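> Here is the input, now give the coordinates:
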Amino acid sequence: MLSENLSVGQLVKASCGRDQGKLFVIVSIVDEDYVMIVDGKSRKLDKPKLKKIKHLNIHNFVIEEVKELLLNGENITDSFIRAKIDKLK
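Numbering: from 1, shown residues only. Here you go, the predicted structure:
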């Protein structure tokens, strides 16, 4: 239901838990209820956070560069993701 509006590389903000108020990027869509998110700081690419979609505020913005790199399986760094998120704050 919810996941059809989501995309890899999309910006989201955690609305619950210890991550509340932080910005993240979706790195993969697990199923209709869950996504994997990273921010390059507390949640790095090698250990993304599994998060329920209903606990996220979805921003209507996709970071295209991040999306393309992830979908093409190319190397992407935590600092690159951090820089992209920091630019949007």
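> Quick one: the helices in the chain, in order.
Assigned by DSSP state H, the helices in the chain fall at 64-71, 78-88.
> JSON lines please, covering the ones you listed and showing mean neighbour count and mean pLDDT.
All C-beta spots, glycine's among them, are computed from the backbone N, C-alpha and C. Below are the helices of the chain laid out as JSON lines (neighbours: other C-beta atoms under 10 Å; pLDDT from 0 to 100):
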{"stretch": "helix 64-71", "mean neighbour count": "15", "mean pLDDT": "94"}
{"stretch": "helix 78-88", "mean neighbour count": "15", "mean pLDDT": "95"}
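> quick one: which of the ones you listed is nearest Val12?
With distances scored as C-beta to C-beta, the stretch of the helices of the chain nearest to Val12 is helix 78-88 (10.6 Å).
> And the closest one, what does it pack against?
Packing contacts for helix 78-88, counted by 3 or more C-beta pairs under 8 Å, 6 or more residues apart in numbering; DSSP states H and E, involve strand 23-29, helix 64-71.
> closest one to Arg82 among the ones you listed?
Among the helices and strands packed on helix 78-88, strand 23-29 comes nearest to Arg82, with 9.8 Å by C-beta to C-beta.
> Centre of the chain to the closest one, how far?
How far strand 23-29 lies from its chain's middle: 2 Å, per C-alpha atoms, centre = their mean, to the nearest Å.
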